[in-house]
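> I would like the atomic coordinates for the input below:
(one chain, ligands or ions: 1)
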Amino acid sequence: MKTRRSDRLIDMTRYFMERPHTLISLTFFAERYESAKSSISEDLAIIKRTFQERGIGILETIPGAAGGARYVPSIDEDEAREFIEEMTENLSSQDRLLPGGYVYLSDLLGRPDVLRQVGRLIARQYIDKQIDAVMTVATKGVPIAQSVATYLDVPFVIVRRDSKITEGSTVSVNYVSGSSERIEKMELSKRSLKRGSHVLVVDDFMKGGGTVNGMKSMIEEFESELVGITVFAEGSFEGRRMVEEYTSLLKVDEVNTVNKTIHVSPGSYLKKVFGKQQSNQEA
Ligand SMILES: O=P(O)(O)OC[C@H]1C[C@H](OP(=O)(O)OP(=O)(O)O)[C@H](O)[C@@H]1O
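Got it, this is the predicted structure:
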């Protein structure tokens, strides 16, 4: 039975959004809804326009017999700015202060709505880049990596600071933990990453940058390429960071454990991704 346009549009939108970056042919939809390809093409034009106007993402249409359409998730500047500003307010609370200049994030990074937006933001930053895998270090970076990997439709790999026999044979690297000046070790299963992979590194928090620097070394051990580094938040750090090139969604720019104050502002993300001066309260 032929499906009405209104019903097709709802089902097609759901179908695309559940399969980011997946090419779906016109023939598939024509058969699914028992509709003419010309009607499906019109449907795709409506979805493409609406996705663009609402900042939902890009619907790439590929012409020809092997063509079809592919949904590329994105987020527009207004929604990105609104989320980041909401997070800065949320984090600027003294009961989030932890010893050593760390900030308690686990409640936020356990919320599906926050993880969805973080995944969209970071996927948007690398929308034009080839990413074969997202890398993070256990534990708190894992939900972020999973969300970003979902929106990029690529695997995520978890570097560990401990050895597990269930990981099989591993590659291990030693690294200097920037915040503690200690030599630490991290491991990654040899099965995780193919040589020549393009890798995006994400994590929840950066202080001295030692952990992220360790992941950079790990990527080199796998003869792969680091495409970028993006963290949810960067801490205030007096010393010289172990990495220079990275992006943060948020920046803890003032922590005072004596009088228990903390101030969080937007990180470098908005300027790097949207290239605009941040609003005056962020400057
Ligand atoms: O920039 P650095 O000075 O290296 O610090 C950032 C590290 C430390 C912290 O991890 P932990 O809380 O140590 O470990 P887990 O994520 O397992 O809780 C955080 O999640 C980053 O991975």
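> So which other helices or strands are in contact with the longest helix anywhere in the chain?
When the chain is parsed with DSSP state H, its longest helix is helix 37-53. Counting contacts by 3 or more CB pairs under 8 Å, 6 or more residues apart in numbering; DSSP states H and E, helix 37-53 packs against helix 5-17, helix 26-33, strand 57-62, strand 68-73. (Each C-beta comes from the backbone N, C-alpha and C, glycine too.)
> how about that helix: buried residues?
Residues of helix 37-53 classed as buried: Ser39, Ile40, Asp43, Leu44, Ile47, Lys48, Phe51 (neighbour count, 16 or more other CB atoms under 10 Å).
> what comes into contact with it?
By CB atoms under 8 Å, 6 or more residues apart in numbering, the list of residues contacting helix 37-53 from outside reads 5, 8-9, 12-13, 16, 26-27, 29-30, 33, 56-59, 61, 69, 71.
> Kindly report the same for stretch 193-200.
122, 126, 129-135, 148, 152, 157, 219, 222-230.
> Can you measure across that stretch, start residue to end residue?
With CA to CA, to the nearest Å as the measure, stretch 193-200 spans 12 Å from end to end.
> what about the helices in the stretch 51-200 of the chain?
Secondary structure of the stretch 51-200 of the chain (DSSP state H, counting those that start in this stretch): helices at 77-91, 112-125, 142-152.
> now for these, which one comes closest to Val264?
helix 77-91 (4.1 Å; CB to CB).
> Stretch 158-174 near the ligand at all?
No. Contact of stretch 158-174 with the ligand (CB under 6 Å from any ligand atom) is absent, the minimum separation being 6.9 Å.
> ok, and for that stretch, which residues are buried?
Buried residues in stretch 158-174, defined by neighbour count with 16+ other CB under 10 Å: Ile158, Val159, Arg160, Glu167, Thr170, Val171, Val173.
> shouldn't Ser106 be in contact with Thr139?
No. Contact criterion CB atoms under 8 Å: Ser106 and Thr139 do not qualify, at 9.4 Å.
> Now do stretch 13-23: everything it contacts.
Outside stretch 13-23, the residues within contact range by CB under 8 Å, 6+ apart are 24, 47, 56-57, 59, 62, 68-73, 150-153.
> Convert the C-alpha atoms of that stretch to PDB, please.
Extracted C-alpha coordinates of stretch 13-23, given in PDB (Å, rounded to 0.1, in the frame of the first residue of the first chain):
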ATOM      1  CA  THR A  13      13.800  11.200   9.000                       C
ATOM      2  CA  ARG A  14      14.000   8.500  11.700                       C
ATOM      3  CA  TYR A  15      15.700   6.100   9.400                       C
ATOM      4  CA  PHE A  16      18.400   8.600   8.500                       C
ATOM      5  CA  MET A  17      19.000   9.800  12.000                       C
ATOM      6  CA  GLU A  18      19.500   6.300  13.300                       C
ATOM      7  CA  ARG A  19      22.100   5.700  10.600                       C
ATOM      8  CA  PRO A  20      24.500   8.700  10.400                       C
ATOM      9  CA  HIS A  21      26.900   8.800   7.400                       C
ATOM     10  CA  THR A  22      25.200   5.800   5.800                       C
ATOM     11  CA  LEU A  23      24.300   6.000   2.100                       C
END
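> Could I get the buried residue list for that stretch?
Buried-residue list, stretch 13-23, by 16+ other CB under 10 Å: Thr13, Phe16, Pro20.
> For the ligand, state which of the residues you listed is nearest.
Comparing those against the ligand with CB to the nearest ligand atom picks out Pro20 as the nearest, at 26.2 Å.
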